[in-house]
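>>> based on what follows, work out the 3D shape:
(2 chains)
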Amino acid sequence: MKNTVYVLIVLLTIVHQDFWWWESSRLVFGFLPITLAYHACVSMAAAALWALAVKYCWPVDADVTESMTGAGSDGGQA
Amino acid sequence: MSAGLTAVIVISCYLALLLGLGLFSSRFFRGTAADFFLASRGIGPFLLLMSLFGTTMTAFALVGSSGEAFAGGVGVYGRMASSSGIIHSACFFLVGIKLWSFGARYGYVTQIQFFRDRFESDKIGLVLFPMLVGLVIPYLLIGVISSGTVVQGITAGAFPDFFPNEVARLNGSVPYWLGAAVICLVVMIYVFFGGVRGTAWANAFQTIVFMILGCVTFFVIANKLGGMDKATQLVEQYNPTRLQAGVSEADVAQYQERLAAWEADKTIAVIKPMEPKGLSKLAFWSYLFIPLSVGMFPHLFQHWLTARSAKSFRLSVIAHPLMIMIVWVPCVLIGVWATSAVMGGKPVIPAGWSNPNAVLVILVKKMAGPLLGGLLTAGILAAIMSSLDSQFLCVGSIFTNDIVGHYIGHDKLSDRQKVIWGRVFVVLIVVVTYIVAVKFKTRSVFTMAVWCFSGFASLFPLVFAAVYWKRATKAGAYACVLSAGAACMWFFAQSGYGANREYLVLGMMPAASMVGISTLAMVVVSLMTQGPSGATIEKFFGKPPSLRAECDVPELVASTGAES
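The predicted model follows:
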């Protein structure tokens, strides 16, 4: 799953290039230019993929650092 | 009451609120250097998200995005916003968490401390220090100059007796020097007393302010233009290429026909057709390199280290692309609508308007009234100040920890002395930045923003190799930093020191070539020189002790050799 998530992120970076709507002025919902709608979807897809990365590709040693240093235990004052 | 005076009152209330928040946060200050510079590494997920987002979004997010959309169309979102959504989160996830982890384990406060250790070189600090500070200072100037200019522009007519001005549209406005001074003073006070915690709290508050006000402005303007559908239809009618990312030859031919018809008979359309602005796909792709700059921003590094735990990063990694979208989509639409907006049978933005950055302010002034105008200005100032505060604090931190602490000796300075040094440097930096901003008030500084980001991006291979490539060596690091600096200066000079705003290298943004050059230098020189010591590899790439117990120990030892 870890590799799949990274491959998907690379794919998203590739499709970010906007191969389909580059010169189109079509509108979505009557007011939103399709290329802008497409890139807004890229932003949402980025959030979704990073959520998958957080779930499946989380660096184990970061959690170990927490337990080693006691970070996160008292929560500070922020 | 004049519109200018209303704006002064709204801005004053906002600044007073911010100051109160900053001073309140100082009640939690524990008096230690770790608390002043890193909030005792106690910042939770929400504050971390807000401070990271507030720090990375400058005035450009509100004013520049609408201005760029006005000048070039909706393609600016793909160039600057959705690319940042992917790359910024990648930097937080792949670099930020690693650096937080090293910071928590080995007590780092600044980037230079980490690089000195990782590359086993004290002197690398002397090479990095001028480059980092040299790149942050223009960034600071942009904030101070923008704030003075924005306050002056929106408060016209407020005090005609106190501040007469030869320029009619600025008569009675708060002078540039005074507006910039007040903003600097407010930021300095809450950074001085609250340290990084005050900064994080203020950033969270300011981020919420500019996001809400951005959305309110969007709906008010859309309503005044007859609704979102109607506003976009006008663009379709007068400037259809502003709704596209790219421009075809047919689009250009159609524009030329329409322009010729309009010039022959100006009564056929209210709006003069605007020239289509195309961008090659290669140049569009090369914009992906610019957001790599967040990997090397020293002020962002400092915010990373404030995280309470690695888990605090999760919300930032996921929500950052969405936050960018919430701010940018409305601003880009407003900018595009401005190209064809009509009020009372006249264009809202006069034909041939040459200052795109003023588009949002003009629309707000004409359509939203003085109160919302004042509030939006507060929102713009919020975006500026939420970056300024972190930058002031980080430069103070670099001076205190990498110069004073490092050369006098950290053990010879008490915590209290470090905090005093930190505060003294914050004040000094604010004063110096203010003086330079007043003396060299020039619009060319805005162009330098892109160069600043490109400069930081060119250093990205350094941090990436430092955390992921065991074989990256001290000599490779020097080669990377020096080649990045040289490439940055060379391309900057070639562009006429930023005068040529369309400057490309091999058809791409200069950042792409700069990253390529510094990566090549890092890789080639590292491979030609002796690798780091086993102890350093073990320190940064070896498994932590509690994991080591569960792992195959002989394999781990074997993997720590310099040849790996």
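
>>> tell me where the stretch 201-350 of chain B has helices.
B:228-238, B:249-264, B:281-286, B:298-305, B:313-338 (DSSP state H, counting those that start in this stretch).

>>> need the longest helix for chain A.
Longest helix of chain A, by residue count under DSSP state H: helix A:34-56.

>>> what distance separates it from the centre of its chain?
5 Å (Cα atoms, centre = their mean, to the nearest Å).

>>> can you pull the buried residues of that helix?
A:34-40, A:42-43, A:45-47, A:49-54 (16 or more other Cβ atoms under 10 Å in any protein chain shown). (Each C-beta comes from the backbone N, C-alpha and C, glycine too.)

>>> ok, and which of these reach chain B?
Counting by Cβ under 8 Å from any Cβ of the partner chain, A:35-36, A:39-40, A:42-43, A:46-47, A:50-51, A:53-54 from the buried residues of helix A:34-56 sit close to chain B.

>>> looking at the residues you listed, which one is closest to B:A253?
A:T35 (20.8 Å; Cβ to Cβ).

>>> chain neighbours aside, what residue packs nearest to B:M50?
Spatially, and ignoring its direct neighbours in sequence, B:M50 is nearest to B:A204 (3.6 Å; Cβ to Cβ, 6 or more residues apart in numbering or on different chains).

>>> tell me the pLDDT at the one you found?
For B:A204, the pLDDT comes out at 86.

>>> on that earlier part again, what packs against the longest helix of chain A?
helix A:2-15, strand A:27-28, helix B:83-91, helix B:313-338 (3 or more Cβ pairs under 8 Å, 6 or more residues apart in numbering or on different chains; DSSP states H and E).

>>> coming back round to it: got TSV for the ones next to chain B among the buried residues of helix A:34-56, with pLDDT too?
TSV is the format used below for those (pLDDT from 0 to 100):
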residue	pLDDT
A:T35	95
A:L36	96
A:H39	96
A:A40	97
A:V42	96
A:S43	97
A:A46	96
A:A47	96
A:W50	95
A:A51	96
A:A53	95
A:V54	93
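
>>> re the thing from before, just name the most buried of the helices of the stretch 201-350 of chain B.
helix B:298-305 (a mean of 26; mean count of other Cβ atoms under 10 Å in any protein chain shown).

>>> the residue of the stretch 251-400 of chain B found nearest chain A: neighbouring residues, count only.
Nearest to chain A in the stretch 251-400 of chain B, going by Cβ to the nearest Cβ, is B:S309, at a distance of 3.0 Å. Using other Cβ atoms under 10 Å in any protein chain shown, the number of residues around B:S309 comes to 27.

>>> could you do B:P350 as well?
B:P350: 10 neighbours (other Cβ under 10 Å).

>>> okay, buried residues for stretch B:108-120 please.
B:108-119.

>>> farthest pair in those residues?
Taking Cβ to Cβ as the measure, the buried residues of stretch B:108-120 have their most distant pair in B:V109 and B:F119, spaced 17.6 Å apart.

>>> about what we covered before: need the ones next to chain B among the buried residues of helix A:34-56 in TSV (columns: distance to B:A81).
Formatted as TSV, these follow (distance: Cβ to Cβ, whole Å):
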residue	distance to B:A81
A:T35	12
A:L36	10
A:H39	7
A:A40	9
A:V42	9
A:S43	7
A:A46	11
A:A47	13
A:W50	15
A:A51	19
A:A53	20
A:V54	21
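
>>> pLDDT below threshold where in the stretch 401-550 of chain B?
Within the stretch 401-550 of chain B, the ranges that satisfy pLDDT under 70 run B:442-447, B:544-550.

>>> repeat that for chain A.
Checking chain A against pLDDT under 70 turns up A:64-78.

>>> ok, for the residue nearest to the spatial centre of it, nearest residue in space, not its chain neighbours?
Among the residues of chain A, the one closest to the centroid is A:A46, at 2.6 Å (Cα atoms, centre = their mean). Closest residue in space to A:A46, ignoring its immediate chain neighbours: B:P321 at 4.0 Å, by Cβ to Cβ, 6+ apart.

>>> one more: B:C91?
Nearest non-adjacent residue to B:C91 (Cβ to Cβ, 6+ apart): B:G295, at 4.3 Å.

>>> just the element for the residue in the stretch 351-500 of chain B positioned nearest to chain A, please.
Residue of the stretch 351-500 of chain B nearest chain A, by Cβ to the nearest Cβ: B:V467 (10.6 Å). Secondary-structure assignment from DSSP states H and E places B:V467 in helix B:460-468.

>>> on contacts alone, who are the packing partners of that helix?
helix B:97-106, helix B:111-118, helix B:474-494, helix B:510-528.
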